[in-house]
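> requesting a structural model of the entry that follows:
(one chain, ligands or ions: 3)
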Amino acid sequence: MPPIPRSTPEIVETSLTGLGLLNTPIFNKGTAFTEEERDEFSLHGLLPPQIGTLDQQVARRLKAFRSQPDAFSKYTFMRDLQDVNETLFYALITRNVEEMLPVVYTPAVGEGCQRFSEIWRKPRGVFLSYPNQDRIERILNHPRYDGVRCIVVSDGERILGLGDQGAGGMGIPIGKLALYTALAGIHPLSCLPVFLDVGTDNEERRNDPLYLGWKHERVRGPEYDNFVDRFVRAVKKRWPHVLLQWEDFAGANAGKLLEKYRNQLPSFNDDIQGTAAVALSTVLAAANATGMPLREHRFLFVGFGAAGCGIASFLELALKHAGLSDEEARSRFYAIDRPGLLMDSTPGMHPSQQPFARKASETESWQHMPDGGVSLLETVERVRPTVMIGVSGQPGAFSEEVVRAMAKHVERPVILPLSNPTSRAEATPHDLIHWTDGKAIIGTGSPYAPVEYNGQTYRTVQTNNSYIFPGLALGIVAARARRVSDGMIMAAAEALAAMSPTVKNASAPLLPPLDTLREVSWNVAVAVAREAEKEGLTALRGADLEASLHATIWEPVYLPFKRRRG
Ligand SMILES: NC(=O)C1=CN([C@@H]2O[C@H](COP(=O)(O)OP(=O)(O)OC[C@H]3O[C@@H](n4cnc5c(N)ncnc54)[C@H](OP(=O)(O)O)[C@@H]3O)[C@@H](O)[C@H]2O)C=CC1
Ligand SMILES: CC(=O)C(=O)O
Ligand SMILES: [Mg+2]
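Ligands and ions are numbered 1, 2, ... in the order given. Have a look, this model is predicted:
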């Protein structure tokens, strides 16, 4: 792969000195401050005499990281490091992506959110709580946020598959933005994690004396909508070009907020659109691997909320691009949600589910459950899906019976248990490989160790939106795109699909290895920015767009410091 262009290093100019400098994570170099810098910034005596290098610091921290007893301790170790020295934090991640990703991101970030109040140390990001709603503008107007170019916001109601985590949900915007920087090179000071604290319906959290969020039931209805609206209006006023990424909102709010705001500012919902892009790339790669073209596949979803509806919409678009009529494309989808197979007779569906509901008449001769619904097993037997996608957050939803039934009818079943974290996956690769006699083509939301079966080693890819959102954000921010179109999401998916090792070798892994995520993000960013240019969504053109992409890249390296006086 061609090397990613880097922006030219600069000099850091600051008036901070002594402990003030050492306690500012974005400036802190710790033992790597040079002799001259120690003179200039009054650092003598605060640091041991040996002058270190970033390489040595990375080696030291890596050793300490590896000596942590478990994933949660590693997560806290990394959160602490981020609050002490950001350059070192990002150097450690970028040099060890495969090892660090499961810690700063899923699955460990899940426990990080559940135990957020227990491990809270230092402020990071902005908490906007419902009782503080009159102060939103004032809070965001602080000069410390002058450089913000992208925001990831959550209200903590659907944290991975772990449900309502209240204020602990802040761990997700922090983790996502860490990947903006680590994987796409967006400057840490451009990134602002925001948490909208509207209370929590998680009683365990509310009853926890250590809980740090607003101890109140979730605010819902018009009060919730108005609160979010005040936030978005304040954001638009403060930073007219900022990118707003919605993350881990519960099903009903996720789709509603995206539709309401996507035409008001550059904005995307990662669970709906980022997930759709990575799932589409994975399915395109699986089509290469199975030799069965996309247009011949039948898709069965288990869990049809924000992520499920998003994936289905983009797969449908791709089927139409592949030449299917609207009707033919729609006919390839079956969606199981809590009531079973979604049919036009199913009560209480939300608007994004309805278009994918099947006609009840179609299932007249099928076996029905006592409540009139159709089960997953019955749907598998009748439909013979070639691709089964799990986004339900229900561990065990892909039971042995269901998987064996699917494998009976399909030579290479494509099975994607995408729910996170690991404890919420619909099935494990180990089980899927055993139940399908090694025939399943698998993508999981969180990472898994390779599986040994019949003397062969099976590796599964991580079908996670982390392949998409960092590059998508870089493309949007660098292009200063006015909006985020479906075309830009599709461009991201196609850029990733083009990098699938299956393009050259059908038996290779579906997605590029995790340690190439920086290259992936760069390619995704370029494709997204070019699509914005093509659709007239950016004022930047050709060489200017290219230059802006390059200039946006920040590297975790130590720069020389100069004292600002007066
Ligand atoms: N790999 C990746 O990149 C991503 C993975 N995900 C994962 O997908 C999962 C779902 O996310 P998201 O779609 O945003 O969440 P939603 O809450 O919007 O959707 C989940 C859906 O599953 C339904 N459901 C619950 N129980 C069952 C069941 N037993 N059988 C069938 N359906 C069921 C829910 O119904 P009800 O509302 O009634 O509970 C809901 O409609 C999460 O675990 C998340 O971590 C999400 C985004 C990206
Ligand atoms: C990966 C992700 O965004 C989720 O599980 O919600
Ligand atoms: Mg998410």
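> who in the stretch 151-300 of the chain is up against ligand 1?
Proximity of the stretch 151-300 of the chain to ligand 1 (C-beta under 6 Å from any ligand atom) is limited to residues R158, L160, G161, A250, G251, A254, D271, T275, V278. Quick note: C-beta positions are derived from backbone N, CA and C, even for glycine.
> turn the residues you listed into TSV, including secondary structure, distance to R480 and pLDDT.
Formatted as TSV, these follow (DSSP: H, G, I helix; E, B strand; the rest coil; distance: C-beta to C-beta, whole Å; pLDDT from 0 to 100):
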residue	secondary structure	distance to R480	pLDDT
R158	coil	31	98
L160	coil	31	97
G161	coil	35	97
A250	coil	31	95
G251	helix	31	84
A254	helix	26	97
D271	helix	25	98
T275	helix	25	98
V278	helix	25	98
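> for the residues you listed, give me JSON lines that also has distance to V109 and neighbour count.
Listed next are these as JSON lines, based on distance: C-beta to C-beta, whole Å; neighbours: other C-beta atoms under 10 Å:
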{"residue": "R158", "distance to V109": "14", "neighbour count": "25"}
{"residue": "L160", "distance to V109": "8", "neighbour count": "26"}
{"residue": "G161", "distance to V109": "12", "neighbour count": "25"}
{"residue": "A250", "distance to V109": "18", "neighbour count": "16"}
{"residue": "G251", "distance to V109": "21", "neighbour count": "22"}
{"residue": "A254", "distance to V109": "19", "neighbour count": "25"}
{"residue": "D271", "distance to V109": "15", "neighbour count": "27"}
{"residue": "T275", "distance to V109": "16", "neighbour count": "26"}
{"residue": "V278", "distance to V109": "17", "neighbour count": "28"}
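> pipe those into TSV and attach distance to N132 per row.
Shown next, in TSV, are those (distance: C-beta to C-beta, whole Å):
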residue	distance to N132
R158	23
L160	26
G161	30
A250	22
G251	26
A254	24
D271	26
T275	31
V278	35
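> closest to S423 out of those residues?
Distance to S423 across these (C-beta to C-beta) is lowest for G161, with 7.8 Å.
> quick one: which of the residues of the stretch 151-300 of the chain next to ligand 1 is nearest Q353?
Nearest to Q353 among those, counting by C-beta to C-beta, is G251 at 9.1 Å.
> outline the domain layout of this structure.
Taking automatic domain parsing as the reference, the chain has its domains at 53-265, 273-466.
> which of the ones you listed sits closest to ligand 3?
With C-beta to the ion as the criterion, ligand 3 lies closest to domain 53-265 of the domains of the chain, at 4.5 Å.
> residue contacts, the residue of the stretch 251-400 of the chain found nearest ligand 3?
Residue of the stretch 251-400 of the chain nearest ligand 3, by C-beta to the ion: D271 (4.4 Å). By C-beta atoms under 8 Å, 6 or more residues apart in numbering, the contact set of D271 is R158, W246, E247, D248, F249, A254, A306, A307, G310, N465.
> before we move on, what about L258?
W246, S267, F268, N269, I272, Q273.
> ramachandran angles for it?
Recorded main-chain torsions at L258 are phi -60, psi -50, according to degrees, to the nearest 10.
> thinking again about what came up before, determine which two of the residues of the stretch 151-300 of the chain next to ligand 1 are furthest apart.
Spatially, the most separated pair among these is A250 and V278, at 20.9 Å (C-beta to C-beta).
> so where's this protein uncertain?
For the chain, the stretches with pLDDT under 70 are 1-9.
> spit out the contact partners of V451.
Taking C-beta under 8 Å, 6+ apart as the criterion, V451 is in contact with P429, H430, I433, T457, Y458, T460.
> just list whatever residues bridge to it.
Judged by DSSP bridges, the bridge partners of V451 are Y458.
> and it, how far is that from ligand 1?
Distance, V451 to ligand 1, using C-beta to the nearest ligand atom, to the nearest Å: 19 Å.
> that residue and S331, how far apart?
Applying C-beta to C-beta, to the nearest Å, the value for V451 to S331 is 34 Å.
> spatially nearest residue to P417 (excluding sequence neighbours)?
Nearest residue to P417 in three dimensions, chain neighbours excluded: E426, at 3.8 Å (C-beta to C-beta, 6 or more residues apart in numbering).
> number of nearby residues for the one you found?
E426 sits with 29 neighbouring residues when counted by other C-beta atoms under 10 Å.
> how far away is it from G161?
Using C-beta to C-beta, one gets 10 Å for the distance from E426 to G161.
> so for the two, which residues contact both of them?
Any residue near both E426 and G161 by C-beta under 8 Å, 6+ apart counts here, and that gives S392, Q394, S419.
> out of those, grab the one that's most surrounded.
S419 (27 neighbours).
> got phi/psi on it?
Backbone geometry at S419, expressed as degrees, to the nearest 10, gives phi -70, psi 140.
> OK, contacts around it?
So, once contact is read as C-beta under 8 Å, 6+ apart, S419 ends up touching L160, G161, G303, G390, V391, S392, G393, Q394, P395, A425, E426, G445.
> re the thing from before, okay, and which of the contacts of D271 map to strands?
W246 (DSSP state E).
> in a strand, P347, correct?
No: applying DSSP: H, G, I helix; E, B strand; the rest coil, one finds P347 to be coil, outside a strand.
> CSV please, covering the residues of the stretch 151-300 of the chain next to ligand 1 and showing distance to ligand 2.
Shown next, in CSV, are these (distance: C-beta to the nearest ligand atom, whole Å):
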residue, distance to ligand 2
R158, 7
L160, 4
G161, 7
A250, 11
G251, 12
A254, 10
D271, 5
T275, 7
V278, 9
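> ok, whatever residue of the chain ends up closest to ligand 1 - contacts?
Proximity of the chain to ligand 1 (C-beta to the nearest ligand atom) peaks at G305, 1.9 Å away. Counting by C-beta under 8 Å, 6+ apart, G305 touches G251, A254, D337, V391, S392.
> one more: R518?
With C-beta under 8 Å, 6+ apart, R518 has these contacts: I4, T94, V97, L183, A184, G185.
> quick one: buried ones out of the residues you listed?
Buried members of the contacts of R518, counted by 16 or more other C-beta atoms under 10 Å: I4, T94, V97, L183, A184, G185.
> next step: those residues restricted to helices.
Among these, DSSP state H puts T94, V97, L183, A184 in helices.
> kindly reformat those as a markdown table containing distance to S15.
Listed next are these as a markdown table, based on distance: C-beta to C-beta, whole Å:
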| residue | distance to S15 |
| --- | --- |
| T94 | 29 |
| V97 | 35 |
| L183 | 32 |
| A184 | 30 |
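> name the nearest of these relative to I441.
Proximity of those to I441 was ranked by C-beta to C-beta; the top entry is V97 with 23.7 Å.
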